[in-house]
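Chemist: here is a sequence with its predicted model. Questions after.
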Amino acid sequence: MMTLAKVPVTVVTGFLGSGKTTLIQHLIRNANGKKLAVLVNEFGSEGVDGEILKSCADANCPTENIVELANGCICCTVADDFIPAMEQLLARPVRPDHIVIETSGLALPKPLLKAFDWPEIRSRITVDGVIALADAEAVAAGRFAPDPAAVDAQRAADDNLDHETPLSEVFEDQIACADIVLLTKADLAGAEGIKAAKAVIAAEMPREVPMLPIVDGAIDARVILGLEAAAEDDLASRPSHHDGEDDHEHNDFNSVVIDLPEISDVDALIASIKGLAREQNVLRAKGYIAVEGKPMRLLVQSVGERVRHQFDMPWGARARQSKLVVIGEHSDVDEAAIRARLGV
(Lines give C-alpha, C1' and ligand atoms only; values in the text may rest on other atoms or scores of the structure.)
Protein backbone atom coordinates (compact mmCIF):
# COMPACT_ATOMS: atom_id res chain seq x y z
CA MET A 1 0.00 0.00 0.00
CA MET A 2 1.34 3.42 -0.97
CA THR A 3 2.25 5.69 1.96
CA LEU A 4 2.56 9.47 2.04
CA ALA A 5 4.91 9.41 5.03
CA LYS A 6 8.30 10.99 4.37
CA VAL A 7 11.29 8.67 4.21
CA PRO A 8 13.72 9.52 7.04
CA VAL A 9 17.27 10.31 6.00
CA THR A 10 20.29 10.23 8.29
CA VAL A 11 23.30 12.30 7.26
CA VAL A 12 26.60 10.82 8.47
CA THR A 13 29.36 13.40 8.40
CA GLY A 14 32.86 13.52 9.78
CA PHE A 15 36.39 14.36 8.89
CA LEU A 16 38.62 12.24 6.70
CA GLY A 17 39.15 8.80 8.22
CA SER A 18 36.85 9.32 11.19
CA GLY A 19 35.09 5.99 10.61
CA LYS A 20 31.95 6.84 8.63
CA THR A 21 32.12 3.79 6.35
CA THR A 22 32.77 1.48 9.30
CA LEU A 23 29.70 2.88 11.08
CA ILE A 24 27.47 2.35 8.04
CA GLN A 25 28.79 -1.19 7.58
CA HIS A 26 27.63 -1.86 11.14
CA LEU A 27 24.22 -0.27 10.46
CA ILE A 28 23.70 -2.44 7.37
CA ARG A 29 24.47 -5.58 9.37
CA ASN A 30 22.39 -4.51 12.38
CA ALA A 31 19.42 -2.58 10.98
CA ASN A 32 16.80 -4.37 13.12
CA GLY A 33 14.79 -5.35 10.06
CA LYS A 34 14.74 -1.90 8.43
CA LYS A 35 15.17 -1.78 4.66
CA LEU A 36 18.08 0.59 4.17
CA ALA A 37 19.44 2.50 1.21
CA VAL A 38 22.81 4.23 1.25
CA LEU A 39 24.10 7.19 -0.72
CA VAL A 40 27.87 7.42 -0.43
CA ASN A 41 29.83 10.45 -1.59
CA GLU A 42 33.59 10.44 -1.98
CA PHE A 43 36.23 13.04 -2.71
CA GLY A 44 38.10 11.70 -5.71
CA SER A 45 37.06 9.68 -8.72
CA GLU A 46 37.63 6.21 -7.26
CA GLY A 47 34.74 4.94 -5.12
CA VAL A 48 36.59 2.93 -2.49
CA ASP A 49 34.06 3.48 0.30
CA GLY A 50 31.14 2.51 -1.95
CA GLU A 51 32.92 -0.70 -2.88
CA ILE A 52 33.47 -1.48 0.81
CA LEU A 53 29.78 -0.95 1.59
CA LYS A 54 28.63 -3.07 -1.35
CA SER A 55 30.74 -5.93 0.00
CA CYS A 56 28.39 -6.16 3.01
CA ALA A 57 25.10 -5.72 1.13
CA ASP A 58 22.31 -8.05 2.20
CA ALA A 59 18.58 -8.60 1.71
CA ASN A 60 17.70 -5.49 3.74
CA CYS A 61 20.23 -3.35 1.87
CA PRO A 62 20.92 -4.96 -1.52
CA THR A 63 23.69 -3.75 -3.79
CA GLU A 64 21.28 -1.75 -5.94
CA ASN A 65 20.28 0.26 -2.85
CA ILE A 66 23.85 1.53 -2.48
CA VAL A 67 24.45 4.49 -4.78
CA GLU A 68 27.81 6.17 -5.20
CA LEU A 69 28.48 9.82 -5.95
CA ALA A 70 32.19 10.08 -6.72
CA ASN A 71 34.45 12.81 -8.03
CA GLY A 72 32.83 15.71 -6.28
CA CYS A 73 31.66 17.00 -2.94
CA ILE A 74 27.95 16.34 -2.37
CA CYS A 75 27.31 19.79 -0.95
CA CYS A 76 28.54 21.31 -4.22
CA THR A 77 26.71 19.03 -6.67
CA VAL A 78 23.18 19.15 -5.30
CA ALA A 79 21.30 19.81 -8.53
CA ASP A 80 23.47 17.72 -10.82
CA ASP A 81 24.00 14.63 -8.70
CA PHE A 82 22.32 14.62 -5.29
CA ILE A 83 18.70 15.24 -6.29
CA PRO A 84 18.76 12.67 -9.15
CA ALA A 85 20.40 10.11 -6.86
CA MET A 86 17.74 10.58 -4.18
CA GLU A 87 15.00 10.28 -6.80
CA GLN A 88 16.64 7.05 -7.98
CA LEU A 89 16.50 5.58 -4.47
CA LEU A 90 12.92 6.72 -3.89
CA ALA A 91 11.88 5.07 -7.17
CA ARG A 92 13.11 1.64 -6.09
CA PRO A 93 10.38 -1.05 -6.43
CA VAL A 94 10.58 -1.56 -2.67
CA ARG A 95 10.79 1.85 -0.99
CA PRO A 96 13.54 1.97 1.65
CA ASP A 97 12.49 2.45 5.27
CA HIS A 98 15.49 4.68 5.90
CA ILE A 99 18.19 6.30 3.76
CA VAL A 100 21.70 6.87 5.10
CA ILE A 101 23.94 9.44 3.41
CA GLU A 102 27.69 9.18 3.92
CA THR A 103 29.19 12.54 2.99
CA SER A 104 32.77 12.91 1.90
CA GLY A 105 35.18 13.87 4.64
CA LEU A 106 35.38 17.36 3.19
CA ALA A 107 31.66 18.02 2.84
CA LEU A 108 29.89 20.82 4.68
CA PRO A 109 26.60 19.37 5.94
CA LYS A 110 24.52 22.55 6.10
CA PRO A 111 24.37 23.18 2.33
CA LEU A 112 23.26 19.57 1.97
CA LEU A 113 20.45 20.09 4.50
CA LYS A 114 19.24 23.07 2.47
CA ALA A 115 18.84 20.75 -0.52
CA PHE A 116 16.06 18.91 1.28
CA ASP A 117 13.86 21.93 0.54
CA TRP A 118 14.13 21.38 -3.21
CA PRO A 119 10.66 20.89 -4.74
CA GLU A 120 11.55 17.55 -6.32
CA ILE A 121 12.09 15.85 -2.95
CA ARG A 122 10.87 18.01 -0.05
CA SER A 123 7.49 16.28 0.21
CA ARG A 124 9.04 12.81 0.19
CA ILE A 125 12.02 12.87 2.55
CA THR A 126 13.07 14.49 5.82
CA VAL A 127 16.38 14.68 7.67
CA ASP A 128 15.93 12.31 10.60
CA GLY A 129 19.23 13.44 12.06
CA VAL A 130 22.82 14.48 11.45
CA ILE A 131 25.44 12.20 12.97
CA ALA A 132 28.94 13.70 13.17
CA LEU A 133 31.90 11.42 13.74
CA ALA A 134 35.09 12.66 15.35
CA ASP A 135 38.31 10.70 15.79
CA ALA A 136 38.56 10.87 19.58
CA GLU A 137 42.31 10.31 19.71
CA ALA A 138 42.99 13.04 17.14
CA VAL A 139 40.64 15.55 18.76
CA ALA A 140 42.05 14.82 22.19
CA ALA A 141 45.49 15.55 20.78
CA GLY A 142 44.32 19.03 19.84
CA ARG A 143 44.12 18.64 16.08
CA PHE A 144 41.41 20.71 14.33
CA ALA A 145 40.83 22.68 17.50
CA PRO A 146 41.56 26.36 16.90
CA ASP A 147 40.98 27.47 20.49
CA PRO A 148 44.18 26.92 22.46
CA ALA A 149 42.24 27.33 25.71
CA ALA A 150 40.47 24.09 24.93
CA VAL A 151 43.62 22.02 24.84
CA ASP A 152 46.42 21.47 27.27
CA ALA A 153 49.26 23.88 27.84
CA GLN A 154 51.70 21.85 25.81
CA ARG A 155 49.43 21.91 22.81
CA ALA A 156 48.82 25.63 23.27
CA ALA A 157 52.42 26.17 22.27
CA ASP A 158 51.61 24.88 18.79
CA ASP A 159 51.21 27.90 16.49
CA ASN A 160 48.83 25.93 14.30
CA LEU A 161 46.19 26.18 17.02
CA ASP A 162 46.24 29.96 17.20
CA HIS A 163 44.31 30.64 14.02
CA GLU A 164 41.59 29.26 11.85
CA THR A 165 42.63 26.77 9.20
CA PRO A 166 40.53 25.25 6.40
CA LEU A 167 40.65 21.90 8.18
CA SER A 168 39.35 23.36 11.41
CA GLU A 169 36.51 25.10 9.57
CA VAL A 170 35.39 21.82 7.99
CA PHE A 171 35.55 20.06 11.34
CA GLU A 172 33.65 22.82 13.17
CA ASP A 173 30.94 23.01 10.51
CA GLN A 174 30.42 19.26 10.76
CA ILE A 175 30.03 19.08 14.54
CA ALA A 176 27.96 22.31 14.68
CA CYS A 177 25.38 20.67 12.41
CA ALA A 178 25.13 17.46 14.45
CA ASP A 179 22.30 16.01 16.50
CA ILE A 180 24.66 13.39 17.94
CA VAL A 181 28.46 13.30 17.96
CA LEU A 182 30.08 9.87 17.92
CA LEU A 183 33.62 9.76 19.30
CA THR A 184 35.24 7.02 17.25
CA LYS A 185 38.28 4.88 17.98
CA ALA A 186 37.53 5.26 21.68
CA ASP A 187 39.78 2.30 22.43
CA LEU A 188 42.78 4.22 21.10
CA ALA A 189 41.85 7.41 22.95
CA GLY A 190 41.26 5.84 26.38
CA ALA A 191 39.15 7.32 29.16
CA GLU A 192 41.26 10.47 29.51
CA GLY A 193 41.33 10.96 25.76
CA ILE A 194 37.54 10.69 25.55
CA LYS A 195 37.20 13.24 28.34
CA ALA A 196 39.59 15.63 26.57
CA ALA A 197 37.85 15.16 23.20
CA LYS A 198 34.46 15.91 24.75
CA ALA A 199 35.82 19.13 26.25
CA VAL A 200 37.27 20.29 22.93
CA ILE A 201 34.05 19.58 21.04
CA ALA A 202 31.79 21.07 23.72
CA ALA A 203 33.77 24.31 23.46
CA GLU A 204 32.93 24.50 19.74
CA MET A 205 29.30 23.37 19.86
CA PRO A 206 26.53 26.00 19.51
CA ARG A 207 24.18 23.79 21.56
CA GLU A 208 24.45 20.75 23.77
CA VAL A 209 24.15 17.37 22.01
CA PRO A 210 24.93 13.81 23.13
CA MET A 211 28.53 12.67 22.62
CA LEU A 212 28.97 8.90 22.62
CA PRO A 213 32.24 6.94 22.42
CA ILE A 214 32.23 3.96 20.03
CA VAL A 215 34.71 1.35 18.80
CA ASP A 216 34.70 -0.14 15.27
CA GLY A 217 31.39 1.57 14.42
CA ALA A 218 29.44 -0.53 16.90
CA ILE A 219 26.32 1.23 18.18
CA ASP A 220 22.68 0.19 18.48
CA ALA A 221 20.90 1.46 15.35
CA ARG A 222 18.00 2.58 17.53
CA VAL A 223 20.27 5.19 19.11
CA ILE A 224 21.06 7.05 15.89
CA LEU A 225 18.17 6.14 13.54
CA GLY A 226 14.71 7.51 14.35
CA LEU A 227 15.70 10.85 15.91
CA GLU A 228 12.93 12.69 13.99
CA ALA A 229 14.99 15.87 14.11
CA ALA A 230 13.60 17.34 10.85
CA ALA A 231 16.93 19.12 10.63
CA GLU A 232 16.01 20.83 7.35
CA ASP A 233 13.56 22.94 9.39
CA ASP A 234 16.11 23.73 12.10
CA LEU A 235 18.95 25.32 10.13
CA ALA A 236 19.21 28.44 12.30
CA SER A 237 20.50 26.44 15.27
CA ARG A 238 23.25 24.90 13.12
CA PRO A 239 25.69 27.74 12.37
CA SER A 240 28.29 27.45 9.64
CA HIS A 241 31.43 29.38 8.75
CA HIS A 242 29.77 29.84 5.35
CA ASP A 243 26.46 31.32 6.51
CA GLY A 244 25.55 34.29 4.34
CA GLU A 245 27.65 33.09 1.43
CA ASP A 246 25.96 32.16 -1.81
CA ASP A 247 28.59 29.55 -2.52
CA HIS A 248 31.65 28.01 -0.96
CA GLU A 249 34.80 26.43 -2.28
CA HIS A 250 36.69 23.23 -1.67
CA ASN A 251 39.77 24.41 -3.50
CA ASP A 252 41.79 23.89 -0.33
CA PHE A 253 41.81 20.14 -1.00
CA ASN A 254 42.83 17.93 -3.88
CA SER A 255 43.15 14.24 -4.66
CA VAL A 256 45.02 12.04 -7.11
CA VAL A 257 44.54 8.39 -8.07
CA ILE A 258 47.76 6.41 -8.32
CA ASP A 259 47.83 3.15 -10.31
CA LEU A 260 50.24 0.65 -8.82
CA PRO A 261 51.59 -2.68 -10.07
CA GLU A 262 51.11 -5.87 -8.09
CA ILE A 263 53.29 -5.68 -5.01
CA SER A 264 55.31 -8.35 -3.21
CA ASP A 265 56.16 -6.48 -0.02
CA VAL A 266 53.13 -5.18 1.94
CA ASP A 267 55.30 -3.77 4.73
CA ALA A 268 57.23 -1.66 2.23
CA LEU A 269 53.99 -0.19 0.85
CA ILE A 270 52.75 0.62 4.35
CA ALA A 271 56.06 2.33 5.13
CA SER A 272 55.74 4.41 1.95
CA ILE A 273 52.20 5.48 2.85
CA LYS A 274 53.37 6.51 6.32
CA GLY A 275 56.12 8.45 4.60
CA LEU A 276 53.57 10.32 2.49
CA ALA A 277 51.86 11.51 5.67
CA ARG A 278 55.06 12.36 7.49
CA GLU A 279 57.00 13.99 4.66
CA GLN A 280 54.31 15.34 2.33
CA ASN A 281 51.43 16.05 4.73
CA VAL A 282 49.05 13.64 2.97
CA LEU A 283 45.80 13.50 4.96
CA ARG A 284 44.31 10.29 3.67
CA ALA A 285 45.09 7.35 1.38
CA LYS A 286 42.79 4.48 0.56
CA GLY A 287 42.44 1.84 -2.10
CA TYR A 288 42.70 -1.79 -3.16
CA ILE A 289 46.07 -3.41 -3.80
CA ALA A 290 46.95 -6.60 -5.70
CA VAL A 291 49.55 -8.67 -3.84
CA GLU A 292 51.60 -11.26 -5.72
CA GLY A 293 50.40 -14.80 -5.01
CA LYS A 294 47.29 -13.64 -3.13
CA PRO A 295 43.80 -14.23 -4.59
CA MET A 296 42.28 -11.64 -2.21
CA ARG A 297 42.51 -7.90 -2.69
CA LEU A 298 44.24 -5.89 0.03
CA LEU A 299 42.15 -2.99 1.38
CA VAL A 300 44.40 -0.19 2.61
CA GLN A 301 43.14 2.88 4.50
CA SER A 302 45.27 5.50 6.19
CA VAL A 303 44.68 8.61 8.25
CA GLY A 304 47.95 10.42 8.66
CA GLU A 305 50.54 7.83 9.70
CA ARG A 306 47.86 5.47 11.03
CA VAL A 307 47.53 2.77 8.37
CA ARG A 308 45.11 -0.14 8.47
CA HIS A 309 45.08 -2.98 5.94
CA GLN A 310 43.27 -6.25 5.48
CA PHE A 311 42.40 -8.74 2.74
CA ASP A 312 38.67 -8.20 2.22
CA MET A 313 37.49 -10.38 -0.70
CA PRO A 314 38.70 -12.30 -3.79
CA TRP A 315 39.41 -10.28 -6.92
CA GLY A 316 37.11 -12.66 -8.80
CA ALA A 317 36.44 -11.43 -12.32
CA ARG A 318 37.75 -7.94 -11.54
CA ALA A 319 41.04 -6.82 -13.08
CA ARG A 320 43.88 -7.09 -10.55
CA GLN A 321 44.56 -3.36 -10.82
CA SER A 322 45.92 -1.66 -7.73
CA LYS A 323 44.68 1.89 -7.18
CA LEU A 324 45.38 4.25 -4.30
CA VAL A 325 43.41 7.47 -3.78
CA VAL A 326 45.58 10.11 -2.08
CA ILE A 327 43.97 13.21 -0.52
CA GLY A 328 45.58 16.29 0.96
CA GLU A 329 45.44 20.04 1.13
CA HIS A 330 45.84 21.48 -2.34
CA SER A 331 49.39 22.73 -1.92
CA ASP A 332 50.53 19.37 -0.53
CA VAL A 333 49.29 17.15 -3.36
CA ASP A 334 52.33 16.86 -5.60
CA GLU A 335 51.56 13.91 -7.87
CA ALA A 336 55.12 13.47 -9.07
CA ALA A 337 56.45 13.43 -5.51
CA ILE A 338 53.72 11.01 -4.41
CA ARG A 339 54.51 8.66 -7.28
CA ALA A 340 58.20 8.82 -6.44
CA ARG A 341 57.51 8.00 -2.76
CA LEU A 342 55.41 5.01 -3.83
CA GLY A 343 58.06 3.89 -6.33
CA VAL A 344 55.99 4.25 -9.51
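Modeler: That came through fine. If you're wondering where the values come from, they're calculated on a predicted model, not measured in any experiment.
Chemist: only C-alpha atoms from now on, for both contacts and neighbour counts.
Modeler: Fine.
Chemist: which elements pack onto the helix ranked longest in the chain?
Modeler: For the chain, the helix with the greatest residue count under DSSP state H is helix 186-204. Applying 3 or more C-alpha pairs under 8 Å, 6 or more residues apart in numbering; DSSP states H and E, we find helix 186-204 packed against helix 136-140, helix 166-176, strand 211-213.
Chemist: contacts for it, please.
Modeler: Helix 186-204 is contacted by residues 136-137, 139-142, 145, 150-151, 172, 175-176, 183, 208, 211, 213-215 when judged by C-alpha atoms under 8 Å, 6 or more residues apart in numbering.
Chemist: ok, the nearest residue in space to E172 that is not next to it in sequence to L225 distance?
Modeler: Spatial nearest neighbour of E172, excluding adjacent residues (C-alpha to C-alpha, 6 or more residues apart in numbering): E204 at 6.8 Å. Separation of E204 from L225 (C-alpha to C-alpha, to the nearest Å) stands at 24 Å.
Chemist: who has more neighbours out of the two?
Modeler: Counted by other C-alpha atoms under 10 Å, E204 and L225 do not tie: L225 has more neighbours, with 20 against 17.
Chemist: separation between the more buried one and H98?
Modeler: For L225 relative to H98 (C-alpha to C-alpha), the value is 8 Å.
Chemist: identify the contacts common to the two.
Modeler: T10.
Chemist: helix, strand or coil for I219?
Modeler: Secondary structure for I219, judged by DSSP: H, G, I helix; E, B strand; the rest coil, is coil.
Chemist: would you map the strands across the protein?
Modeler: Along the chain, counting by DSSP state E, strands occupy 7-14, 36-41, 66-69, 98-102, 125-135, 180-184, 211-213, 253-260, 284-290, 296-303, 306-314, 322-329.
Chemist: low-confidence stretches in the stretch 101-250 of the chain?
Modeler: Where the stretch 101-250 of the chain drops to pLDDT under 70, the residues are 144-166, 244-250.
Chemist: 50 - rerun?
Modeler: In the predicted model, the stretch 101-250 of the chain carries pLDDT under 50 at residues 145-165.
Chemist: quick one: end-to-end distance for stretch 225-243.
Modeler: 27 Å.
Chemist: okay, buried residues for that stretch please.
Modeler: By 16 or more other C-alpha atoms under 10 Å, the buried positions in stretch 225-243 come out as 225, 227, 229-232, 238-240.
Chemist: quick one: which of those residues is nearest Q280?
Modeler: Lowest distance from Q280 to these (C-alpha to C-alpha) belongs to S240, with 29.6 Å.
Chemist: so the closest one sits against V170, correct?
Modeler: No: S240 lies out of contact with V170 (C-alpha atoms under 8 Å); the separation is 9.2 Å.
Chemist: need the overlap of contacts for those two.
Modeler: Between them, S240 and V170 share no contacting residue, judged by C-alpha under 8 Å, 6+ apart.
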